[in-house]
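Asks: here are the coordinates; sequence isn't available:
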């Protein structure tokens, strides 16, 4: 790998770290932020606004990268992210913070899409395996350093600095890309698909908001159910209109030619695996802290083995693609993922923490092999001029898996806690304020809360088993094209 490629890799790693660490740092700072800005009731929207904006802009950046070039598109995206970060740091109310998180998410859509597209452009298949491993390592480092950096900044400066710290890293990444990444853009008259972009954005906004509403409180019931049904109906209408507009568009934001049987199967696996990932990320810490009784610091450290095994597996298993093909590697990875979900379903109130760490490590192996191979296979299935759109679609699908997954798991979790207490004859339980009801409502004890939590977590983990099994079954539908191309 020559010097320019090394500099590009460094720029990609800095950009990816920028987006990856944002989630973990903000998670650490949320209690301080909502206390300072008096917005406990709006806490979920700090994350939802970011996810929504990122999901909506992902396919847009993918198409722009194909039309205007990777370097220009990524630099603009990082710039928007930095402006959003600066404004988040200046926020004086929760509403301002949520609005500026939308802007931040709009920039993050480019970081998570175009960086992977660049890797597919300039590196060979063998090099891609190594670089993908490094990118996975960045997420692992971010998951460990994020809480530590967030805690330090809050203790010594203020929560505002968790956003300001992004600015020097973002500027460094832009400079490195501008100096080292050379690309030739064919000058042609470009017709922007404004109608398709608007319709897809409205469809995603309606779809994800409907799921986010269902994942809060008691799930879809009463007025919430009616609102969600209305939003889902709107999403279907917008998607139908989007389909007809895209068929006639000169430069469709999502070219239907990339929706082959193989890419569709891969994207469905990505969606399902992303749902399993968010389930583990959200409910393993809940189990470690609220059931086993460990601190947030211990919980964070217990989750880090997943990042380590993810990084190692992404390098090792990606190197196996030329020899065995994508079907075998994704099949093995999803089988390992299924095994880890089965093991997690066996944990209980008295389980030793070391078992959870081991199961978490095994799960990281499955994710590392699956997601790395998926990205390589998606990019190899299309030409250069469609690689950005194909990568963006896969990134969008993964974001949808995360967002819809966390909403459905949240509803399952909350309803099972309510059902557990209903079976005990205890009514009026609010899962959002579970511990505040100890002694206030008859029958709500710490042991009962622990029992209700482990009961609900078991249902979530069982649902993850079903999803992982579907991933494994779908992997048998994949070809081994990458194996054939290297023989």
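Replies: Yep, it's here. All figures in this text were calculated on a predicted structure; none of them were measured in a lab. Residues are numbered from 1 along each chain as shown.

Asks: Could you report the separation of residue 303 from residue 465?
Replies: Separation of residue 303 from residue 465 (CB to CB, to the nearest Å): 20 Å. Where C-beta positions appear, they are placed from N, C-alpha and C, glycine not excepted.

Asks: which one of the two has more residues nearby?
Replies: residue 303 (21 against 18; other CB atoms under 10 Å).

Asks: Now for the more buried one: which residues touch it?
Replies: Shown in contact with residue 303 (CB atoms under 8 Å, 6 or more residues apart in numbering): 143, 281, 284-285, 360.

Asks: Now intersect these with the helices, please.
Replies: Taking DSSP state H, the ones among the contacts of residue 303 that sit in helices are 143, 281, 284-285, 360.

Asks: Residue 293 falls within a helix, correct?
Replies: No - remark: residue 293 does not belong to a helix; assigned using DSSP: H, G, I helix; E, B strand; the rest coil, it is coil.

Asks: What pLDDT is listed against it?
Replies: The confidence metric pLDDT takes the value 81 at residue 293.

Asks: ok, back up a step: dump the contacts of residue 303 to TSV, plus pLDDT and distance to residue 403.
Replies: Listed next are those as TSV, based on pLDDT from 0 to 100; distance: CB to CB, whole Å:
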residue	pLDDT	distance to residue 403
143	62	19
281	79	13
284	84	19
285	80	18
360	90	22
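
Asks: nearest to residue 406, of the ones in helices among the contacts of residue 303?
Replies: Using CB to CB, residue 281 comes nearest to residue 406 of these, at 8.6 Å.

Asks: quick one: contacts for the closest one?
Replies: residue 303 are the contacts of residue 281 under CB under 8 Å, 6+ apart.

Asks: where's it relative to residue 405, distance?
Replies: 10 Å.

Asks: likewise residue 331?
Replies: According to CB to CB, residue 331 stands 22 Å off from residue 405.

Asks: Tell me which of these two has more neighbours.
Replies: Using other CB under 10 Å as the criterion, residue 331 and residue 405 rank with residue 405 on top: 26 against 22.

Asks: Provide the secondary structure category for that one.
Replies: Here residue 405 is recorded as helix under three-state DSSP.

Asks: Could you check how far it is from residue 412?
Replies: Look at residue 405 and residue 412: by CB to CB, they are 11 Å apart.

Asks: which residues does the closest residue to residue 368 other than its chain neighbours contact?
Replies: Distances taken as CB to CB, 6 or more residues apart in numbering place residue 313 nearest to residue 368, at 3.2 Å, with adjacent residues excluded. The neighbourhood of residue 313, defined by CB under 8 Å, 6+ apart, consists of 333, 364-369, 372.

Asks: can you do 10 Å?
Replies: Neighbouring residues of residue 313 by CB atoms under 10 Å, 6 or more residues apart in numbering: 133, 136, 332-333, 336, 364-372.

Asks: from those, which ones fall inside helices?
Replies: Residues of those located in helices (DSSP H): 133, 136, 332-333, 336, 364-372.

Asks: ok, so of those residues, who is nearest residue 165?
Replies: Using CB to CB, residue 136 is the member of the ones in helices among the contacts of residue 313 that sits closest to residue 165, with 22.5 Å.

Asks: ok, how many other residues are close to residue 264?
Replies: Residues near residue 264, counting by other CB under 10 Å, number 13.

Asks: what separates residue 17 from residue 169, distance-wise?
Replies: 7 Å.

Asks: no wait, residue 331
Replies: The gap separating residue 331 from residue 169 is 38 Å, by CB to CB.

Asks: do residue 387 as well
Replies: If you measure residue 387 against residue 169 using CB to CB, the figure is 26 Å.

Asks: Looking at these two, which one has more neighbours?
Replies: Taking other CB under 10 Å, residue 387 and residue 169 do not tie; residue 387 has more neighbours (24 against 17).

Asks: so which helix or strand takes in that one?
Replies: Element membership of residue 387, judged by DSSP states H and E, is helix 384-423.

Asks: same for that helix, what does it pack against?
Replies: The contact analysis (3 or more CB pairs under 10 Å, 6 or more residues apart in numbering; DSSP states H and E) places helix 384-423 against helix 43-68, helix 70-89, helix 94-122, helix 194-214, helix 261-286, helix 353-380, helix 446-475.

Asks: Mind putting the ones you listed into JSON lines with distance to residue 392?
Replies: Listed next are the helices and strands packed on helix 384-423 as JSON lines, based on distance: least, CB to CB, whole Å:
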{"stretch": "helix 43-68", "distance to residue 392": "2"}
{"stretch": "helix 70-89", "distance to residue 392": "10"}
{"stretch": "helix 94-122", "distance to residue 392": "5"}
{"stretch": "helix 194-214", "distance to residue 392": "11"}
{"stretch": "helix 261-286", "distance to residue 392": "11"}
{"stretch": "helix 353-380", "distance to residue 392": "10"}
{"stretch": "helix 446-475", "distance to residue 392": "21"}
